[in-house]
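Colleague: compute the structure for the input listed below.
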Amino acid sequence: MRWLAGLFVILAGPAYAVTCDDVAFQDNSYTICTVDAETEDLRLFHSDNEGSIIGSFSNLDNTYPDKTLAFAMNAGMYHQDRAPVGLYQENGAQTSQIATSEGPGNFGLLPNGVLCLTDTSATVIESLNYVATDPTCRDANQSGPILVIDGDLHPRFLADGTSEYIRNGVGTSADGKTAIFAISNNAVNFYSFGTFFRDYLKTPNALYFDGKVSRLHAPQLNRSDFGFQLGPMIGVLE
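Modeller: Residues are numbered from 1 along each chain as shown. The predicted structure is shown next:
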């Protein structure tokens, strides 16, 4: 019996802080990773202590040699120099300002939003509401468009929209205790991606991160995407 118990421990494999799964919805494939924001160390990352842009999952893992990177994803748009577009705040230090005016590209397709992280919560907040309420966030990152706002899809999404890309984003529960990150495994339009968060994941608020450069690090799925050098990233350290 002792031998059998030991065998079971070996076969059970490591325990992961983040639950990741491949799922299908409306003829599209997605990978989702669910994080308990109350208990896990969910953080934004951009530069190391010397000010150098981290830029990749492997560099992020090496930046914290005493930790395990249980999950990571690119976390929003960035300029050519990989500086964040719009509001970015890490460990209470704000490095760029919030942008609330309509503009070109997906970021300027208002309404857009902010992912606000505290030590025990993760919340997607519409940008104008963020300015009006001035919430206390340890980390904050602005991106756009917002996918779902108070249970409704972004008003400018079209069911037959022809712009299709690999896309990624995050949805948060009403109580802020759970964050669900998703990346499509085939090209989808905004309507399909937003509908996935609203109808399948059932998150009342969800924020788009990016397309084309969308990347995921999910060790429990033996997945760590590579390609473009990244700007802001989000991840869980154990």
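Colleague: what is the subsequent helix or strand relative to the worst-scoring helix or strand of the chain on mean pLDDT?
Modeller: Taking mean pLDDT, DSSP states H and E as the measure, the chain has helix 2-12 as its least confident helix or strand, at a mean of 40. Past helix 2-12, further along toward the C-terminus, the next helix or strand under DSSP states H and E is strand 19-25.
Colleague: pairing partners for that following strand, with directions?
Modeller: Neighbouring strands of strand 19-25 in its sheet, by DSSP bridges, are strand 28-36 (antiparallel).
Colleague: off-centre distance for the strand it pairs with?
Modeller: Computed by Cα atoms, centre = their mean, to the nearest Å, the separation of strand 28-36 from the middle of its chain amounts to 10 Å.
Colleague: show me what whatever helix or strand comes next after it is packed against.
Modeller: Scanning the chain past strand 28-36 towards its C-terminal end, the next helix or strand to appear is strand 41-45 (assignment: DSSP H and E). Under the contact criterion of 3 or more Cβ pairs under 8 Å, 6 or more residues apart in numbering; DSSP states H and E, the helices and strands touching strand 41-45 comprise strand 88-90, strand 113-117, strand 139-143, strand 233-237. Placement of C-beta: from N, CA and C, glycine included.
Colleague: and the third one, which strands flank it?
Modeller: Here the strand partners of strand 139-143, with direction, are listed using DSSP bridges: strand 88-90 (antiparallel), strand 113-117 (antiparallel).
Colleague: okay, helices next: where are they in the chain?
Modeller: When secondary structure is read from DSSP state H, the chain shows helices at 2-12, 57-63, 127-133, 190-195.
Colleague: who are the packing partners of the last one?
Modeller: So that's helix 190-195. Applying 3+ Cβ pairs under 8 Å, 6+ apart, one finds that helix 190-195 makes contact with strand 146-149, strand 152-153, strand 167-172, strand 205-211.
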